[in-house]
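>>> one predicted model, sequence on top.
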Amino acid sequence: MGYTLGLKRSCLTSEEIERRLADAGVHATAQRIAIARYVLCEADHPTADQVKSWADKNFPKMSMATVYNTLKILVAAGLLKKIAFPHLNEAVYDDNITAHYHLIDEKTGRMSDLDPADFKVTANLKGVRIKEIEIFIKGRRELS
């Protein structure tokens, strides 16, 4: 997969989202489809608060509990990945569920996906079965 920093990939249609939810045994409500379309098509590593802010403007009267429950369901359905930072109280939700790393821009705080093919990571840990490696790089994007 080619990674371009800060650009969204192609989006799932509402019908595809509904089908993926159904395949995961999840009832596709209007709220779930709306949140999924926002997170998958418009947002870039949003927090639950950012999803709620979007919902307040586009899907009035949606509760914060609905937002949290829907994000949890979308993670369980395999549409999103939840990234919880050990030093923050808030998680971000990533629509890229493939193995990849992240760049956190020190100036803007914006998170961008990085291709693991651009890195050489080795681990020699005896007696440890590695489930996943997450790498977060802090830096500044240079404009070319």
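Yep, that arrived.

>>> what's downstream of whichever helix or strand A36 is part of, the next helix or strand?
In this structure, A36 sits in helix 30-37 according to DSSP states H and E. Later in the chain than helix 30-37, the nearest helix or strand by DSSP H and E is helix 48-58.

>>> just the buried residues of that following helix, please?
A48, Q50, V51, K52, W54, A55 (16 or more other CB atoms under 10 Å). Any C-beta I mention is one placed from the backbone N, CA and C, and that applies to glycine too.

>>> likewise stretch 100-108?
Judged by neighbour count using 16+ other CB under 10 Å, the buried positions of stretch 100-108 are H100, Y101, H102, L103, D105.

>>> quick one: mean pLDDT over it.
Stretch 100-108 carries an average pLDDT of 87.

>>> got the contact list for that stretch?
3, 5, 45, 83, 110-116, 119, 134-141 (CB atoms under 8 Å, 6 or more residues apart in numbering).

>>> check stretch 11-21 too.
Residues contacting stretch 11-21 (CB under 8 Å, 6+ apart): H27, A28, R32, I33, A36, R37, L40, C41, I73, A77, G78, L79.

>>> now stretch 135-144
5, 85, 101-107, 112, 114, 119, 121.

>>> V67 contacts D56, correct?
No. Contact criterion CB atoms under 8 Å: V67 and D56 do not qualify, at 9.9 Å.

>>> now stretch 38-58, how far from the centre of its chain.
In terms of CA atoms, centre = their mean, to the nearest Å, the centre of stretch 38-58 is found 11 Å from the chain centre.

>>> so that it lines up with my notes, have the first residue be 830 from now on.
Got it, the first residue is 830 from now on, which makes the last one we talked about stretch 867-887.

>>> now do the end-to-end distance for it.
End-to-end distance of stretch 867-887: 10 Å, with CA to CA, to the nearest Å as the criterion.

>>> same question for it, mean pLDDT?
Averaging pLDDT along stretch 867-887 yields 94.

>>> how near is D923 to Y930?
Taking CB to CB, to the nearest Å as the measure, D923 falls 11 Å from Y930.
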